[in-house]
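*Asks:* Fold the following, please.
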Amino acid sequence: MTADVGIPYRLTRLGVVMAPEPGQPWEAEGVLNPAAGRTPDGRLHLLPRLVAAGNMSRIGLAEVVVDDGVPTGVRRRGVVLAPDEGWERGAHHGGVEDPRVTFLERLGVHVMTYVAYGPLGGRIALAISRDLETWERLGPALFAYQPGLHIDLNLYLNKDAVIFPEPIPGPDGVASYAILHRPMWHHTMSGLDGDAALPAGLSDNRPGIWISYAPAAQVEADIRALTLLRDHRCVALPEHPYESTKIGAGPPPLRVPEGWLLIHHGVQGRIVPGFDPSQQRDLIYSAGAMLLDAHDPSRVIARTPTPLLEPETANERVGTVPNVVFPTAIATIDSRHFVFYGMADTSIGVALLDRAP
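*Replies:* Okay, here's the model as predicted:
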C-alpha cells in the first residue's frame, strides 16, 4: 500500500479540442488518445489516433489552436504513421494505436511509443522523429530474460508504454532511460486468453504498471537500444475502487518538486471474457495520479484514492466506448500544463493541470 495524500494537483476540464471530421474516412470511428509535441518551429501539435471503419487505426498530426493561452481546437495536417508493417497488421485487423511521445532533449529526438495491433494482438513498438512529421520505426520492444522472474514478458500483450524524458538511475545504479508499460497476464501472444503463470512474487493477476530500463550510454550510442529493455519490476497494481479492474500509465511522467508526477488511468467494472478488451462496454475509465520517487521511480510515494477526472459530460459518457476518460499527453503553454485525453473513444478533450489550493 502507498500513501493516499501528498499529491497537490488537480485536473479541471476545459472542453473538446478535436472531434471526428464529417466525411473523413480515416476518422469514421473516432479521434482519440493523442500524443503531443512541438515541431522545430515551436508550434504545439497533437498526434491523435484516427480510427477508420473496422477499427483500423492510424496516427495523425494536428496543430493545436490556442486562444488566450488555452487549447481550443486543431488544424489537421494529415497522417504520419499507418499500419504498413506486417507486425502492425493481422489477417482481418490492424492498426497503430494510442501513441505517447517523449522529447529526449539529450538526443534531440521525439520518441513515440505506440501499440502495434498485429497478427497476435497488441504489443509495444517505438519510432523516432526530429520534426513530428517523418517517423522512423525502431521496431517492437523486446524484454530481456530476467533470472528469477520466471516468465518471458515477450509472450504477453502489452500496452500503455511511456518513456521518461531524461536518464534516471537504474536498479544497478547505472544511468538509464526508463519505460513504464502494462503487461496483461490474461492475454498472451499465442492469441489465446486464459490464466497464465504470474511473475515470481506476484499474486494479483490484475494488470498493473511495470518499469523496465535501457542503459543511457547504450541508447546515446545507438538509439535502437531503446527497444532492448531489462531490469523489469512492478511499480503499482490496482488499489482503489476507481481502478479496481486495472491501471495503466497515461502521459509521459512530468518532473515536479515532489518527484515524478504520473497521471494514470484506472478502470473499474466487469471484463467480459473472450471479448476484445478495447471494446468492452461495462467499464469506467477515469484519470488518477501517482507520485514516483525522483531517484527510484519504481517506488510510488503517493497516489490519489479518488479520480482527478472521471466521465461526467456527454462527450465522456457517450461514444464508441462509453464512460471513458483516458489521459495520454501533457503539454506546457505559457508555463501552464494541459492534459489531453480521449473521451469515450470518440473525441479529444483537454484539462488544466495545476496545483490544488
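
*Asks:* What is the neighbour count of Gly15?
*Replies:* 13 (other C-beta atoms under 10 Å). Heads up, the C-betas are built off the backbone N, CA and C, glycines and all.

*Asks:* Same check on Pro48?
*Replies:* Using other C-beta under 10 Å, Pro48 has 31 neighbouring residues.

*Asks:* With Ala91 instead?
*Replies:* Ala91 - counted by other C-beta under 10 Å - has 6 other residues nearby.

*Asks:* cool, Pro241 as well?
*Replies:* Neighbours of Pro241 under the rule other C-beta under 10 Å: 12.

*Asks:* just the helices in the stretch 151-300 of the chain please.
*Replies:* Here the stretch 151-300 of the chain has its helices, by DSSP state H, counting those that start in this stretch, at 216-221.

*Asks:* got any ranges where it has weak pLDDT?
*Replies:* Applying pLDDT under 70 to the stretch 151-300 of the chain picks out residues 188-196, 272-281.

*Asks:* What ranges does it have for its strands?
*Replies:* Secondary structure of the stretch 151-300 of the chain, counting by DSSP state E, counting those that start in this stretch: strands at 156-163, 168-169, 175-188, 209-215, 228-236, 246-249, 254-256, 259-269, 283-292, 300-303.

*Asks:* For Ile247, list the residues it contacts.
*Replies:* With contact set as C-beta atoms under 8 Å, 6 or more residues apart in numbering, Ile247 has these partners: Arg182, Pro207, Gly208, Ile209, Ala236, Leu237, Pro238, His264, His265, Gly266, Val267, Gly288.

*Asks:* Against Pro241, how distant is the residue nearest the centre of the chain?
*Replies:* Centroid-nearest residue in the chain, with C-alpha atoms, centre = their mean: Asp160, separated by 3.8 Å. Distance, Asp160 to Pro241, using C-beta to C-beta, to the nearest Å: 20 Å.

*Asks:* Gly23 now?
*Replies:* 41 Å.

*Asks:* Need phi/psi at the closest residue to Trp26 other than its chain neighbours.
*Replies:* Nearest residue to Trp26, sequence neighbours excluded (C-beta to C-beta, 6 or more residues apart in numbering): Leu50, at 4.6 Å. In terms of degrees, to the nearest 10, the main-chain angles of Leu50 are phi -110, psi 120.

*Asks:* right, and Leu50 touches Ile59 too?
*Replies:* Yes. Between Leu50 and Ile59 there is a contact under C-beta atoms under 8 Å: 7.1 Å.

*Asks:* With neighbour numbers in mind, choose between these two.
*Replies:* More neighbours surround Leu50 than the other of Leu50 and Ile59, with 30 against 26 (other C-beta under 10 Å).

*Asks:* So what sits opposite the more buried one in the bridge?
*Replies:* For Leu50, the beta-bridge partners are Val31, Arg58 (DSSP bridges).

*Asks:* so who does it touch?
*Replies:* Trp26, Glu27, Val31, Ser57, Arg58, Ile59, Gly60, Val79.

*Asks:* got a list of what the residue nearest to Leu292 when sequence neighbours are not counted touches?
*Replies:* Among residues not flanking Leu292 along the chain, Trp260 sits closest, at 4.1 Å (C-beta to C-beta, 6+ apart). Residues near Trp260 by C-beta under 8 Å, 6+ apart: Phe164, Pro253, Leu254, Leu291, Leu292, Asp293, Ala294, Pro297.

*Asks:* Now do Trp260 against Glu166, distance only.
*Replies:* Distance from Trp260 to Glu166, counting by C-beta to C-beta: 10 Å.

*Asks:* Compare the strands of the stretch 151-300 of the chain and give me the one nearest Val325.
*Replies:* strand 283-292 (5.2 Å; C-beta to C-beta).

*Asks:* from the chain's centre, how far out does the closest one sit?
*Replies:* Mean-position distance between strand 283-292 and its chain equals 12 Å (C-alpha atoms, centre = their mean, to the nearest Å).

*Asks:* How about the contacts made by the closest residue to Gly90 other than its chain neighbours?
*Replies:* Residue nearest to Gly90 in three dimensions, not counting chain neighbours: Pro119, with 4.4 Å by C-beta to C-beta, 6+ apart. Applying C-beta under 8 Å, 6+ apart to Pro119 gives the contacts Gly86, Trp87, Arg89, Gly90, Ala91, Gly191.

*Asks:* Please identify which of these is nearest to Arg75.
*Replies:* When those are ranked by distance to Arg75 (C-beta to C-beta), Arg89 comes first, at 29.4 Å.

*Asks:* number of nearby residues for that closest one?
*Replies:* Neighbours of Arg89 under the rule other C-beta under 10 Å: 19.

*Asks:* which non-adjacent residue is nearest it?
*Replies:* Using C-beta to C-beta, 6+ apart, the nearest residue to Arg89 is Pro83, at 5.0 Å.

*Asks:* So what does the one you found have for phi and psi?
*Replies:* Main-chain dihedrals, Pro83, degrees, to the nearest 10: phi -80, psi 80.

*Asks:* That one touches Ser57, doesn't it?
*Replies:* Yes. Here Pro83 reaches Ser57: they are 7.3 Å apart, a contact under C-beta under 8 Å.
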